[in-house]
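1. Could you look at this predicted model? Sequence included:
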Amino acid sequence: MRASERISNRCLTRALFNGILNFCYFSYVRNNGVMQLVENPGDHHNSGGANRRKVLVHLPTAQVVTSYSGLEEILRELGWERYYIGDPDHLQFHKPASNDLISLPWQFSRFTTVHMYDIVVKNPNVFRVRDN
């Protein structure tokens, strides 16, 4: 048995992005006895084990979002407001005209693809997630 071995495809998730249905595959990988969830396992194995980092792109300006201050400025322009009630460990935004809430980890270093796709789904045709 090799040190790194794919165990099984455990789930299939779907994200609606600009009217196109994209599929994200997840797999559990055993690496030296430790189970780890790997996103897009085909990309993981084809790239020699190096994970490609995803980035959030603001489509009108083609700029990559690199900080919460830049993201907050864009979200304010789109009608989102800071939401201070709730979890102090998260940065939260809500849109007064809807029930939508965007909840992000306080540290930008913990900003993951799950958070990026949440922003994309709640702001269609404004953001896109792509490989760096």
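-> The structure has been received and is ready for your questions.
2. Could you list the low-confidence segments of the protein?
-> 1-51 (pLDDT under 70).
3. Tell me which stretches of it form strands.
-> All strands of the chain, identified by DSSP state E, fall at 4-17, 20-31, 34-39, 54-58, 63-64, 81-82, 90-94, 101-105, 127-131.
4. ok, residues contacting the last one?
-> The one in question is strand 127-131. Under the contact criterion C-beta atoms under 8 Å, 6 or more residues apart in numbering, strand 127-131 has outside partners 17-18, 52-59, 65, 113, 116-117, 119-120. Just so you know, the C-beta spots here come from the backbone N, C-alpha and C atoms, and that holds for glycine as well.
5. Quickly name whichever of those is closest to Glu72.
-> Glu72 has its nearest neighbour among these in Val65, at 10.0 Å by C-beta to C-beta.
6. Next, give phi and psi for that closest one.
-> Phi and psi for Val65, reported as degrees, to the nearest 10, are phi -80, psi 120.
7. now do Tyr84
-> The phi/psi pair for Tyr84 (degrees, to the nearest 10) reads phi -90, psi -10.
8. Would you mind measuring from it to Thr113?
-> Computed as C-beta to C-beta, to the nearest Å, the Tyr84 to Thr113 distance reads 26 Å.
9. Neighbour count for those two, which is higher?
-> Shown here are Tyr84 and Thr113; by other C-beta atoms under 10 Å, Thr113 has more neighbours (17 against 8).
10. Report the contact partners of the nearest residue to that one once chain neighbours are set aside.
-> Closest residue to Thr113 apart from its sequence neighbours, by C-beta to C-beta, 6 or more residues apart in numbering: Lys54 at 4.7 Å. With contact set as C-beta under 8 Å, 6+ apart, Lys54 has these partners: 113, 116, 129-132.
11. can you check Gly79 too?
-> Gly79 neighbours (C-beta under 8 Å, 6+ apart): 95-97.
12. if we go to 7 Å?
-> Applying C-beta atoms under 7 Å, 6 or more residues apart in numbering to Gly79 gives the contacts 95, 97.
13. Could you measure from it over to Thr113?
-> Taking C-beta to C-beta, one finds Gly79 at 24 Å from Thr113.
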